[in-house]
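# just need the structure, nothing else, for what follows:
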Amino acid sequence: MKGKKLRQIALVAKELAAIKTMFFDLLGISQAHIDPKIGMFGLDNIVMTLGDTFLEIVSPVQAGTTAGRLLDKRGGDGGYMVIIQVKDFNKEKARLAKTDIRIAWQTQRDHASAMHLHPKDVPGAIASLDQMNPPEAWHWAGANWEQHRARSVGDICAANIQSQDPQATASRWALAYGLELDLSGPTPTMALDQSEIRFVLATDGRGEGLSAIDIAVRDTDAVFAAAARHQLACHENAVTVCGVTLNFVENGCVSKTLV
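Here you go, the predicted structure:
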């Protein structure tokens, strides 16, 4: 095991209330956590529990935010952040100090630590390394997140980062997380514990960004009935919402840890 897991994905939306309604219906969610401390970034948010992973939606409430600039740059809602849980925050910080990757923001507390890497050094989405104490906790989702899991889906299993040069982007992410790339398939892939990050070519005219996530599905009929109610674009096992494609995977998350 690598000891690194995809634990949370963040998306950015211009209108939080409307997107919240769609996601609650689509994923079978009745309650989400609101983090009052996110106001320091000029944002409002919700954090939804999907199995033991989390989907956050952020929305700018002040001018000049990173999230607001991303909305302008990419022409609307879309992917924002990839948060990977690590075992040893200090070890990761020391390893990064030996690279050219800058830390844009960090916090270190007894119960939770996080560092956001500079998006110019790790392109495509804001990459974050987070440690929890105890490891099974997730303090960004509040104290009682286990009681509010989505009914229709389980864990987030994978994410796609698109760019004009997937190989170069993948190399920066691999350096950021101290992992090797799997280059045996059609796209460079960074394997994590029971999850993965894939690096794909940008073809939609929106530039680099977090373009898709895979989610283990429990009730396919409920998911696609909700998608129809909200007139969301669907294709096979995928639904497009908030500027990203949600791929609903029936086989769940499978470990692809490299030797």
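
# please count neighbours and contacts with C-alpha atoms only from this point.
OK.

# which SS state does the residue lying farthest from the centre of the chain fall under?
Residue farthest from the centre of the chain, counting by Cα atoms, centre = their mean, is K98 at 25.7 Å. Following DSSP: H, G, I helix; E, B strand; the rest coil, the label given to K98 is coil.

# gap between it and A176?
Distance, K98 to A176, using Cα to Cα, to the nearest Å: 11 Å.

# how about H33?
According to Cα to Cα, H33 stands 29 Å off from A176.

# so these two - more neighbours on which side?
Neighbours were counted for H33 and for A176 using other Cα atoms under 10 Å; A176 has more, 22 against 18.

# my read: H139 touches Q131, true?
No - the criterion here is Cα atoms under 8 Å, and H139 misses it with Q131 at 10.0 Å.

# overlap in contacts of those two?
A112 (Cα atoms under 8 Å, 6 or more residues apart in numbering).

# which one's more surrounded, those two?
The residue with more neighbours, out of H139 and Q131, is Q131; 25 against 17, by other Cα under 10 Å.

# for the strand or helix carrying the more buried one, what is the average pLDDT?
Taking DSSP states H and E as the definition, one finds Q131 inside strand 126-132. Across strand 126-132, the average pLDDT comes to 98.

# tell me the strands beside that strand, with direction?
Note on strand 126-132: by DSSP bridges, its sheet partners are strand 78-86 (parallel), strand 112-117 (antiparallel).

# in TSV: those, plus mean neighbour count, mean pLDDT and distance to S59.
Putting the strands paired with strand 126-132 into TSV (neighbours: other Cα atoms under 10 Å; pLDDT from 0 to 100; distance: least, Cα to Cα, whole Å) gives the following:
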stretch	mean neighbour count	mean pLDDT	distance to S59
strand 78-86	24	98	10
strand 112-117	20	98	18
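
# distance to A143 for those - can I get that in TSV?
Below are the strands paired with strand 126-132 laid out as TSV (distance: least, Cα to Cα, whole Å):
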stretch	distance to A143
strand 78-86	18
strand 112-117	13
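
# of those strands, which approaches R206 most closely?
Smallest distance to R206 across these (Cα to Cα): 9.7 Å, for strand 78-86.

# contacts only, for Q62.
Neighbours of Q62 in contact, by Cα under 8 Å, 6+ apart: G42, L43.

# next one, pLDDT for it please.
Per-residue confidence (pLDDT) for Q62: 92.

# any idea how far it lies from R229?
Distance, Q62 to R229, using Cα to Cα: 32 Å.

# again, but for T21
Distance from T21 to R229, counting by Cα to Cα: 11 Å.

# all strands of the stretch 51-200 of the chain, in order?
Under the criterion DSSP state E, counting those that start in this stretch, the stretch 51-200 of the chain contains strands at 53-60, 78-86, 103-108, 112-117, 126-132, 153-163, 181-182, 189-192, 195-201.

# show me what stretch 141-158 is in contact with.
Stretch 141-158 is contacted from outside by 6-8, 26-35, 47-54, 194-198, 213-220, 222-223, 252-254, using Cα under 8 Å, 6+ apart.

# scratch that, stretch 66-79
Contacts to stretch 66-79, defined as Cα under 8 Å, 6+ apart, come from residues 10-14, 58-60, 80, 125, 206-207, 209-212, 242-244.

# any of these buried? List them.
10-14, 58-60, 80, 125, 207, 209-212, 242-244 (16 or more other Cα atoms under 10 Å).
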